[in-house]
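Asker: please work out how this folds:
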Amino acid sequence: MCAVFLACFLLGPAHGAEVPWKLSKDDNGVRVYSRPVKGSDLLEFEAMTEIPASLSVLGAVLADVPSYPQWMSNCREASIITELDANTLMVYYVQTLPWPIANRDVVLKASTLLDEEKGCLEVLLQAAPDSDGPSYAKRVRMTRFSGRLFLEATGENLTRVSFRIMADPAGSLPSSGVNAGALNVPYRTLLGMKEMARKEKYVEAAREYMEKHSSNNE
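Answerer: Predicted structure coming up:
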């Protein structure tokens, strides 16, 4: 287990590698850090917690894209546009903003890397503004969006999870308001993931998830 932790630590979030992170919220077992983004007034956020579920169960939760509105903070809609391969999806994602501000949407490339030997799972999210996807006049398209979910097994049914996100909602919204609202997005998302992991459907889907992704990493 020490070897697993060391490997995941080296692959995991590198706090202090660039601008230092600052603890911005610590509640319900979830810590949220923030740091400035170079060339922008917006902040990047990263939330961390431990979830009493196996890596495979949480992988099954992440693979169920249409269910994202049930647990991802402010997610109104999520759907798979196309599956490039077993580990790479193009996803259409809609973020709800307070009325009367228009909702935001984005086309994301979601790449998954599973390392069973090291007990780590990484999902990278990156805006793909030039990719085909749904388009709605009443929604504002985000062109700058990056995210990273990093999961590491710390026990048989215990997983350390971090969720890093930086999203530019576009338009003329004040950065102070955007930052204030964005602080709770990764926080609520990890709390939501914890609730989803309790559902029997994901416990049952866990083996299928591991078989699908590990077979493509050999």
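Asker: spatially, what comes nearest to the residue most central in space within the chain if we skip its sequence neighbours?
Answerer: The centre of the chain sits closest to Leu149, judged by C-alpha atoms, centre = their mean, with a distance of 4.5 Å. In space, and not counting its chain neighbours, Leu149 is closest to Val123: 4.3 Å by C-beta to C-beta, 6 or more residues apart in numbering. In short, each C-beta sits where N, CA and C put it, glycine included.
Asker: for this structure, which helix is longest?
Answerer: Criterion DSSP state H: the longest helix present in the chain is helix 200-214.
Asker: just give me the neighbour total for the residue nearest to Leu149.
Answerer: Look at Val123: counted by other C-beta atoms under 10 Å, it has 20 neighbours.
Asker: ok, now which ones touch it?
Answerer: With contacts defined as C-beta atoms under 8 Å, 6 or more residues apart in numbering, Val123 is in contact with 62, 110-113, 148-150.
Asker: Ser162 and Ile51 touch, don't they?
Answerer: No - using C-beta atoms under 8 Å as the test, Ser162 is too far from Ile51 to be in contact (11.1 Å).
Asker: compare the two (neighbour count), which wins?
Answerer: Taking other C-beta under 10 Å, Ser162 and Ile51 do not tie; Ile51 has more neighbours (25 against 21).
Asker: I'd say that one and Ala197 touch.
Answerer: Yes - with contact defined as C-beta under 8 Å, Ile51 counts as touching Ala197 (5.7 Å).
Asker: touching both of those two, which residues are there?
Answerer: With C-beta under 8 Å, 6+ apart, Ile51 and Ala197 have common neighbours Leu58.
Asker: ok, the residue nearest to the centre of the chain touching Glu122?
Answerer: Yes - taking contacts as C-beta under 8 Å, Leu149 lies within contact range of Glu122: 7.1 Å.
Asker: show me where pLDDT drops low in this structure?
Answerer: Applying pLDDT under 70 to the chain flags residues 1-17, 214-218.
Asker: so where do the helices sit in it?
Answerer: In the chain, the helices defined using DSSP H lie at 2-11, 55-63, 175-182, 184-196, 200-214.
Asker: using PDB, list the CA coordinates for the third one.
Answerer: It refers to helix 175-182. This file holds the C-alpha atoms of helix 175-182, laid out as PDB (Å, rounded to 0.1, in the frame of the first residue of the first chain):
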ATOM      1  CA  SER A 175     -14.600  37.600 -12.200                       C
ATOM      2  CA  SER A 176     -15.300  38.200  -8.500                       C
ATOM      3  CA  GLY A 177     -18.800  36.700  -8.800                       C
ATOM      4  CA  VAL A 178     -17.600  33.900 -11.000                       C
ATOM      5  CA  ASN A 179     -14.900  32.900  -8.500                       C
ATOM      6  CA  ALA A 180     -17.300  33.100  -5.600                       C
ATOM      7  CA  GLY A 181     -19.800  30.700  -7.300                       C
ATOM      8  CA  ALA A 182     -17.100  28.400  -8.700                       C
END
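Asker: lovely, talk soon.
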